[in-house]
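In: Sharing a sequence plus its predicted fold:
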Amino acid sequence: MKGVLLALAFLLELAMLAAAGWWGFTLDAGWPVRVLAGIGVPLLLAVVWGVFCSPRAGVALPVPAKAAVQAACFLVGGALLALAGRPGLGAVLVALFAVDKALLTVAYHDPV
């Protein structure tokens, strides 16, 4: 079961990045701004995740701080989906992250 939860966590991380890209490419702006936002914001989120949240993160944070950064990244992803006109999908993304994180933490004492 842990493998399934970890796989879901990875898929949710990809969905978060896709949500940020979707928001950027749906902005009501010129194509250069849409391309910059559609590529730049997911890239920024990926860098933050890689530096602070990945299993091989460059900066080792205490567990509560790491959880806060992860939650903030997913809240940004959910908010960007809402801004792109998909508030329901944004809420589902955040809720699935919260449930998956809670199950991993409670059942396996894994603060991934």
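Out: Thanks, I have it. Numbering: from 1, shown residues only.
In: and the residue of the chain positioned farthest from its centre, what does it touch?
Out: Relative to the C-alpha centroid of the chain, counting by Cα atoms, centre = their mean, G30 is the outermost residue, at 26.0 Å. Listed by Cβ atoms under 8 Å, 6 or more residues apart in numbering, the contact set of G30 is empty. Where C-beta positions appear, they are placed from N, C-alpha and C, glycine not excepted.
In: Dihedrals phi and psi, it?
Out: phi -70, psi 160 (degrees, to the nearest 10).
In: Tell me how far it lies from A37.
Out: The gap separating G30 from A37 is 11 Å, by Cβ to Cβ, to the nearest Å.
In: cool, and A107?
Out: Distance of A107 to A37, computed by Cβ to Cβ: 38 Å.
In: which one of these two has more residues nearby?
Out: Residue environment comparison for A107 versus A37 gives the larger neighbour count to A37, 19 against 11, counting by other Cβ atoms under 10 Å.
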